[in-house]
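Novice: Generate coordinates for the sequence data below:
(3 chains)
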Amino acid sequence: MSDPILSLNDVHAHIERHHILQGVTLSVMPGRATVLVGRNGAGKSTTLRAVMGLTPATSGSIELEGQAITSMKPYEIARLGIGMAPEDRAVLYTLTVAENFRLAMSDEDGQGDRRLAQVLDLFPDLRKFMSSKAGILSGGQKQMLAIALVLVRKNRIALIDEPSKGLAPVVVDHLADSLNRIKETTTVVLVEQNFYLASRVGQDYFILDDGRVVHQGRMEDLAEDHELKQKYLGIA
Amino acid sequence: MAAQAGEQALRLSESELDLKKWVLWALSVGIWFVPLVWIDPITYLTLTIAGVTMGMLLFLTASGLTLIFGLMDVLNLAHGAFFAWGAYAGFSLLNWLNAKGWVELAGVGQSVGSLAMVLGVTLVVGALLGVILERIIIRRTYGNHLKQILITMGASLVMIEIIKILWGPNDEVILVPAAFRDSWDLFDVIVNKFRVVAILVGSLVFAAIQISLQKTRLGITVRAGVENRELVQILGYNIRRIFTGVFAAGAALAAMGGVMFAIFKEQIYPGMGEENLIFALIVVIIGGMGSVTGSFLGAIMVGLAFNYVAFLVPKLALGVNIMIMAVILLLRPKGLMGRE
Amino acid sequence: MAPDLTPVQQERLRAIHSRYTQPTFVTQLALLAVLLLIPVTFSSFRVIDVTSKIMIFTIVVASYDVILGYTGLLSLGHSMFFGIGAYSLALVIYHASSPSWYHLLIAAAIALGLSVTLALVIAFFSLRVKAIFFAMMTLALAEFTDILAVQWYDLTRAEDGVSFKMPGIFDVGWSGPTIGPLELNGRVMTYYFILIVSVILFGVMLRFVRSPVGRALKAVRDNESRATALGYKTFHYKIFSIVFGSSVAALAGVMFAMWVGYVSPGSVLSTPIMLNILLMVIIGGLGTLYGAIVGAAFIKITETWLPDMQKVAEALLPKSDLVHRLAERWILYFGVLFILVVFFFPKGFVGTARDMIKRRKAKAGR
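Specialist: Below you'll find the model as predicted:
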């Protein structure tokens, strides 16, 4: 049983006066895909944002491989190897795809070009649009680009927030394939409302409700547990 | 298959939009030839050059303001103070250079050299002031527009008062490098030499800004930050430091605008920043917050409009720009090329 | 037999009755008494002058507070309305062959007419554009009016300004009977006139912000989308607030002109006036009408007696030119003060005081 790569301990977070996270405790194992599921407003996105430092935790601790990152700034956390594809606006519309990559790429280890080639292998569609503004891409392509921007950096963890939102089922399938291909080298933490995607990609799950973790376990078990799914996710 | 059809549809509607855009642009350009109905071609040319010059000078100040607002979402009412400081710094430098014979009796080489030195020094002075202001004051007001407006007004007041302490409160005459005085006479059109210099400098600055924004990594970062501050941080950039840099650049541009304007008018006075700030604000509103090209075009528009109307109906000259601003705000609140 | 009052009605009655015994009411009466007695106690013109100006500016600042503090709209053109009021009075009296008291009414009517029209235009824009643009637009408009006044010699006599004499009992030269220790003359009559009008206007503003309309304004300021969702036609309220505040400022301008007898762009329209208003409202406290009194008093008193302090400084250090220059630049210190207040006391004097009182009450477990 290896050590968790990312752990949250009794994390609280507020947005203005609202107490969104009310004591989130969870651990993410390296090389496995972890999914956060739950109803709207449960605090799933806020949890990711707290890890990234965008919505700073007001109490509790967040650790990356044992190192406390709780009060770090987002760019410092990014430089430690945590990448994020936020819920909306995860790409830069007014920049070309190539400029998006240029902005995102990190090359301190000299592997930048290799990563770019790998990412374009994963999402070949993006090759065609390199000199077009990212704003004209379709929804699915934008999402691919968003994930590509996370992968083109030297990231150990990829936080991906609701990638399937607004996408057609066939695109979601493609997304699931792509995520499955990367999850061994980059630990994926996925927030998803779409249970199909969550169950195809996720290996460990945490159910959030009212700003707390109310259930956790292995995805195979959750897929079978209709009662739990009904209660917290509203699906049969 | 469906995805491809969708993409095609997207691209089609894009070209429809392009058509509308081209029509609008053609109109906005064409409208500047309307004054020819009332003005004879020679005067028209003189006025046009005057207008473009004024536009260039305005652009210098407005470009910094629009970047600061576009990237940092900060309304900087101290911009006029940077303008004035640039002018006064240049004033002192020119006096000092004059003592060395570089200004009033200068040849072309020395004139160009002094101007270059003056521009360089004002850039540095502006940048320094910008960094100081940003770190001490602006930093604490992010996200609160009311505080920003109040604080920058206060800061502006303080900075102008310090000018009055250091240089005295009266109007002063500023020296113009000899080679740039007087005018040329081209086919009956009198072209003031410094106007040409101003247009050159303005165009160079515009080109420099555009190249930096489009080609350099920093420029891409700034453009990205204008669109989506959060994502840029997620990608590992220290947006705070970039903010300070952009603010300093904006201040430097304003300072440059100030000294150029001062040499153009051959006069400086502590209140010059205030008046210019209003025009700069109008230009930024017309051009769109965050768009350098927008402020370039807007500045030229304002300059031309002011000069044509000043010739035809002098009392309306100021009002016409406010009217343009009002019209733009009504029809296209984000400005000609603004986003958001 | 009258039906029993509901608990809400009972509470409201209780609140109305208690109003007359609360400490704030007593303070108000005391203040009124002081103002009434100033001309009696002080024969120095300066004191009466400062007090008049404080009263006038209290009204200007309070009207600005209605727009900014209570409705949340940042307009940088308030000085414009003040100037319009001042010029209306000045020009009417100046051009009248034999000025009489009804010219006062005409001037007030013109002032109101102009300011309501202009306020409607501004209000319309406030609805269309975002806050920052509105601020910038009003700033541009105010500057434009200033420049217009400076350039339109035929109408405004430009920078020379308009000098005039008030008619009848307000004429500076008028002399009347002596009642006890008080000698009635033009100045004194004007002072009491201003006092009465100021009290009335201030009372109207108080009633306005405490009325249901006023409360709706606060709802708009705090959370406009929620107010709209609750069914308030927010744009009606915003327009009302701007027109109301601007008109009151114009009336204050009329009084100012009455008192000073001279208007010029520099004295009633320029940017420093707007800055003064901002400074006063911030020092006093946004969203607290009474703050206007504190802010106006502080600034006006400092402005009047600062030159004296300057002379003291000069007398102490007669040789130092730098000290002279430093002492002269009291605007610099105002600027610094302004910045400090915005940072450390954003609620202003009255606002912070009210907070402290609230906290003390909470601690006492009321």
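
Novice: what about residue C:267, how many neighbours?
Specialist: When neighbours are defined as other C-beta atoms under 10 Å in any protein chain shown, residue C:267 has 16 of them. For glycine as for every other residue, the C-beta is placed from the backbone atoms N, C-alpha and C.

Novice: Convert the C-alpha atoms of whichever helix or strand it is part of to CSV, please.
Specialist: In this structure, residue C:267 sits in helix C:265-268 according to DSSP states H and E. Extracted in CSV, the C-alpha atoms of helix C:265-268 (Å, rounded to 0.1, in the frame of the first residue of the first chain):
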residue,chain,number,x,y,z
PRO,C,265,-15.6,78.2,-13.1
GLY,C,266,-12.8,77.7,-10.6
SER,C,267,-15.0,78.3,-7.5
VAL,C,268,-18.0,76.2,-8.4
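
Novice: Show the average pLDDT along stretch C:187-203.
Specialist: Across stretch C:187-203, pLDDT averages out at 88.

Novice: SS state for the residue nearest the centre of chain A?
Specialist: In chain A, the residue lying closest to the centroid (C-alpha atoms, centre = their mean) is residue A:160, at 1.8 Å. Three-state assignment for residue A:160 (DSSP: H, G, I helix; E, B strand; the rest coil): strand.

Novice: Could you give me the buried positions within the helix holding residue C:267?
Specialist: Residues of helix C:265-268 classed as buried: C:265, C:267, C:268 (neighbour count, 16 or more other C-beta atoms under 10 Å in any protein chain shown).

Novice: And the contacts of it?
Specialist: Surrounding helix C:265-268, the residues in contact under the criterion C-beta atoms under 8 Å, 6 or more residues apart in numbering or on different chains are C:79, C:82-83, C:86-87, C:146, C:149-150, C:156, C:158-159, C:161, C:253, C:256-257, C:260.

Novice: mean confidence for it?
Specialist: Helix C:265-268 comes out with an average pLDDT of 83.

Novice: just stretch B:123-135 next, same as before
Specialist: On average, stretch B:123-135 scores 92.

Novice: Just the C-alphas of it, formatted as CSV.
Specialist: Output of stretch B:123-135 as CSV, limited to C-alpha atoms (Å, rounded to 0.1, in the frame of the first residue of the first chain):
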residue,chain,number,x,y,z
LEU,B,123,10.4,55.8,-19.9
VAL,B,124,12.6,54.9,-16.9
VAL,B,125,11.1,57.6,-14.7
GLY,B,126,7.6,56.5,-15.6
ALA,B,127,8.4,52.8,-15.0
LEU,B,128,9.9,53.6,-11.6
LEU,B,129,6.9,55.6,-10.6
GLY,B,130,4.6,52.9,-11.8
VAL,B,131,6.4,50.2,-9.8
ILE,B,132,6.3,52.3,-6.7
LEU,B,133,2.6,53.1,-7.0
GLU,B,134,1.7,49.6,-7.8
ARG,B,135,3.5,48.1,-4.9
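
Novice: What are the contacting residues of stretch C:208-218?
Specialist: Stretch C:208-218 has contacts (C-beta under 8 Å, 6+ apart) with C:66, C:70, C:71, C:227, C:232, C:237, C:240, C:241, C:244, C:287, C:289.

Novice: that older thread, OK, contacts around the residue nearest to the centre of chain A?
Specialist: So residue A:160 contacts A:84, A:85, A:147, A:150, A:179, A:188, A:189, A:190, A:191 (C-beta under 8 Å, 6+ apart).

Novice: Inside strands: which ones of these?
Specialist: A:84, A:85, A:188, A:189, A:190, A:191 (DSSP state E).

Novice: ok, what's across the strand from the second one?
Specialist: The residues paired with residue A:85 through beta bridges, assigned by DSSP bridges, are residue A:160.

Novice: Give me the distance between residue A:107 and residue B:273.
Specialist: Per C-beta to C-beta, to the nearest Å, residue A:107 is found 44 Å from residue B:273.

Novice: list the helices and strands the helix ranked longest in chain B packs on?
Specialist: Using DSSP state H to define each element, chain B has its longest helix at helix B:41-72. Helix B:41-72 is packed against helix B:79-99, strand B:189-192, helix B:193-215, helix B:217-227, helix B:239-265, helix B:272-287, helix B:292-312, with contacts defined by 3 or more C-beta pairs under 8 Å, 6 or more residues apart in numbering or on different chains; DSSP states H and E.

Novice: Would you tell me what the next helix or strand after the worst-scoring helix or strand of chain C on mean pLDDT is?
Specialist: For chain C, scoring each helix and strand by mean pLDDT, DSSP states H and E identifies helix C:321-328 as the least confident one, at a mean of 66. The C-terminal neighbour of helix C:321-328 among helices and strands, as given by DSSP H and E, is helix C:330-344.

Novice: Return the set of buried residues in that following helix.
Specialist: Buried-residue list, helix C:330-344, by 16+ other C-beta under 10 Å: C:330, C:331, C:332, C:334, C:335, C:337, C:338, C:339, C:341, C:342.

Novice: Name the nearest residue to the third one, ignoring sequence neighbours.
Specialist: Among residues not flanking residue C:332 along the chain, residue B:161 sits closest, at 3.6 Å (C-beta to C-beta, 6 or more residues apart in numbering or on different chains).

Novice: For burial, what's the neighbour tally of the residue in chain A that chain C sits nearest to?
Specialist: When scored by C-beta to the nearest C-beta, chain A has residue A:16 as its residue closest to chain C, at 11.4 Å. Residues near residue A:16, counting by other C-beta under 10 Å, number 5.

Novice: Quick check, pLDDT for it.
Specialist: Looking at residue A:16, its pLDDT reads 79.

Novice: Please apply the same query to residue C:254.
Specialist: At residue C:254, pLDDT is 93.

Novice: now swap in residue C:222 and tell me
Specialist: Residue C:222 is given a pLDDT of 77.

Novice: who touches the closest residue to it other than its chain neighbours in this structure?
Specialist: Closest residue in space to residue C:222, ignoring its immediate chain neighbours: residue C:72 at 7.6 Å, by C-beta to C-beta, 6+ apart. Residues in contact with residue C:72 (C-beta under 8 Å, 6+ apart) are C:220, C:221, C:222.

Novice: Just put those residues in CSV and tack on secondary structure and neighbour count.
Specialist: Shown next, in CSV, are these (DSSP: H, G, I helix; E, B strand; the rest coil; neighbours: other C-beta atoms under 10 Å in any protein chain shown):
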residue, secondary structure, neighbour count
C:220, helix, 24
C:221, helix, 20
C:222, helix, 10
